[in-house]
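1. Give me coordinates for this.
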Amino acid sequence: REERDRVRGDGRRDLQGFRVGTLGLTAQFESPSSLGYLTYGAEYYHDSIDSFSTRNMIQGPVADNASYDLLGLYVQDEIDVTDSVDLVLGARLNYARADASRVSDPVFGTRVSTADEWWALVGSARLVYHVVPDHVNIFGGVSQGFRAPNLSDLTRFDSARTDEIETPAFGLNPEEYISYEVGIKTEYDNWAMQAAYFFTDINDMIIRVPTGRVVDDEFDITKINAGDGFVQGIELSTSFRFHPQWTVFGDFAWVDGEVDTFPTSLPFKVREPISRLMPVTGHVGLKWDHPSGKVWIEGLVTIADRADDLSTRDRADTSRIPPGGTPSYTVFSLRSGWQISDNVNLTVALENLADKDYRVHGSGLNEPGRSLNIGVAVKF
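-> Below is the predicted model:
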């Protein structure tokens with residue numbers, strides 16, 4: 001359940017919210033066979049949604065009296081091609097259905113209903129070459145992706161970015177992706193390293209586009225399938241245990257991508273950076289483990305570069321992204337853990353030790369200042 005009580009600068013006030021109930025069922029099985037080691041199963045989820053808004057008597061931020069169903073059937077086969085080569089093949093059949101009986105028509109403001117369903121069969125293939133068994137592996141793969149329009153894509157009637165309101169969009173098609181990945185993993189007693197490069201081809205991504213209308217003093221936008229593009233990235237991580245109780249570790253991530261978009265209300269498509277693209281980000285840490293293995297303490301430094309590779313609408317979204325981009329930041333934290341018993345774990349973290357005022361790019365909220373977090377996990 002979520003509610004929002006909003007008071008505008010001119011004193012206008014509105015209350016909106018929604019309630020979602022979800023039923024999920026999963027089943028998975030594993031079987032050795034002459035064709036390889038099979039993993040197969042099914043997943044099913046059913047969402048029931050009610051929503052409300054004091055400024056829209058038909059629906060809230062999404063459709064009222066609505067439901068959404070997701071069904072997946074999958075199978076994966078792990079094949080030992082040779083002593084040094086493993087092949088993993090997978091396939092998944094996806095089904096999605098959306099039903100909404102109370103939707104506000106974006107043009108006439110009348111009550112309408114919508115229902116749609118989507119099917120897709122996707123596959124994947126991955127290859128692992130054991131260069132040095134148990135120590136060095138080279139891997140690569142190609143995978144298809146599928147995302148059906150969700151209820152927010154189809155029926156959202158709510159504020160979006162700065163001075164924008166998103167209205168329902170009917171007749172959307174699924175997004176489709178093909179991802180390629182290559183990399184290497186190494187692991188020895190005191191040293192480990194991983195490096196990977198990925199490239200994802202994007203087809204028919206659902207993107208926001210201005211309609212030219214104005215609703216409640218905000219620019220009306222809707223969604224269409226028009227986002228062709230790509231995203232690529234590099235991920236690196238390593239750790240080195242230079243003493244039985246001491247380990248230094250770190251990671252690094254770089255992401256780049258562009259997608260077609262409509263930056264204005266004119267019918268001209270432009271290729272721009274993907275919205276809210278993650279800046280170069282890395283971590284460096286030092287960890288101490290007690291000889292018993294039940295107590296650990298680590299210091300962590302999080303470093304993020306300035307996020308200034310912005311799309312046109314990112315630059316206009318000044319309530320979430322500062323003018324010119326989200327500033328870089330460096331954050332220091334101290335964490336520890338204690339395994340009190342086989343069933344109880346205690347964790348304590350001192351976050352943002354320098355009380356840095358910073359924001360994760362695109363989040364719209366500054367992160368907490370200096371803070372203490374305590375967690376207890378109990379297993380039965």
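
2. C-alpha from now on. contacts and neighbour counts both.
-> Fine.

3. What residues of stretch 1-10 count as buried?
-> Neighbour counts over stretch 1-10 (16 or more other C-alpha atoms under 10 Å) mark no residue as buried.

4. Partner strands of the least confident helix or strand in the chain by mean pLDDT and their direction?
-> The weakest-scoring helix or strand in the chain, judged by mean pLDDT, DSSP states H and E, is strand 158-159 (a mean of 85). Its sheet considered, strand 158-159 pairs with strand 164-166 (antiparallel) by DSSP bridges.

5. Do a quick rundown of the helices in the stretch 51-200 of the chain.
-> Shown for the stretch 51-200 of the chain, the helices assigned by DSSP state H, counting those that start in this stretch span residues 151-155.

6. show me where it has strands.
-> 64-80, 85-104, 111-132, 136-147, 158-159, 164-166, 175-187, 191-215 (DSSP state E, counting those that start in this stretch).

7. what pairs with the longest one, and is each one parallel or antiparallel?
-> In this case it means strand 191-215. Strand pairing for strand 191-215, determined by DSSP bridges: strand 175-187 (antiparallel), strand 218-243 (antiparallel).

8. Using JSON lines, lay out those together with distance to Pro267.
-> Conversion of the strands paired with strand 191-215 to JSON lines gives the following (distance: least, C-alpha to C-alpha, whole Å):
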{"stretch": "strand 175-187", "distance to Pro267": "21"}
{"stretch": "strand 218-243", "distance to Pro267": "11"}
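
9. coming back round to it: next one: the least confident helix or strand of the chain to chain centre, how far?
-> 21 Å (C-alpha atoms, centre = their mean, to the nearest Å).

10. before we move on, the earlier item: which of the strands paired with strand 191-215 comes out lowest on mean pLDDT?
-> Of all the strands paired with strand 191-215, mean pLDDT reaches its minimum on strand 218-243 (a mean of 94).

11. for that strand, which positions count as buried?
-> Applying 16+ other C-alpha under 10 Å to strand 218-243 flags 218-232, 234-241 as buried.

12. for Asn137, what are its contacts?
-> Contacts for Asn137 (C-alpha atoms under 8 Å, 6 or more residues apart in numbering) come out as 128-131, 184-186.

13. Could you do Val376 as well?
-> Contacts of Val376 by C-alpha under 8 Å, 6+ apart are 344-347.

14. Now it: which helix or strand?
-> Using DSSP states H and E, Val376 sits in strand 371-378.

15. Quick check: mean pLDDT of that strand?
-> The average pLDDT for strand 371-378 rounds to 97.

16. C-alpha coordinates for it, CSV please?
-> Coordinates of each C-alpha in strand 371-378 appear next as CSV, following Å, rounded to 0.1, in the frame of the first residue of the first chain:
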residue,chain,number,x,y,z
SER,A,371,23.9,7.0,10.1
LEU,A,372,23.9,3.9,12.2
ASN,A,373,22.3,0.7,10.8
ILE,A,374,21.8,-2.4,12.9
GLY,A,375,20.4,-5.7,11.5
VAL,A,376,19.7,-9.1,13.0
ALA,A,377,19.1,-12.2,10.9
VAL,A,378,17.5,-15.3,12.6
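
17. Note down every partner strand of it and its orientation.
-> Pairing partners of strand 371-378, with direction, according to DSSP bridges: strand 344-351 (antiparallel).

18. ok, and for the partner strand, which residues are buried?
-> Across strand 344-351, burial judged by 16+ other C-alpha under 10 Å covers 345-351.

19. re the thing from before, take the strands of the stretch 51-200 of the chain and lay them out in JSON lines including distance to Glu272.
-> As requested, the strands of the stretch 51-200 of the chain are exported to JSON lines (distance: least, C-alpha to C-alpha, whole Å):
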{"stretch": "strand 64-80", "distance to Glu272": "32"}
{"stretch": "strand 85-104", "distance to Glu272": "30"}
{"stretch": "strand 111-132", "distance to Glu272": "28"}
{"stretch": "strand 136-147", "distance to Glu272": "22"}
{"stretch": "strand 158-159", "distance to Glu272": "23"}
{"stretch": "strand 164-166", "distance to Glu272": "20"}
{"stretch": "strand 175-187", "distance to Glu272": "18"}
{"stretch": "strand 191-215", "distance to Glu272": "12"}
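
20. That's all I had, so thanks and see you.
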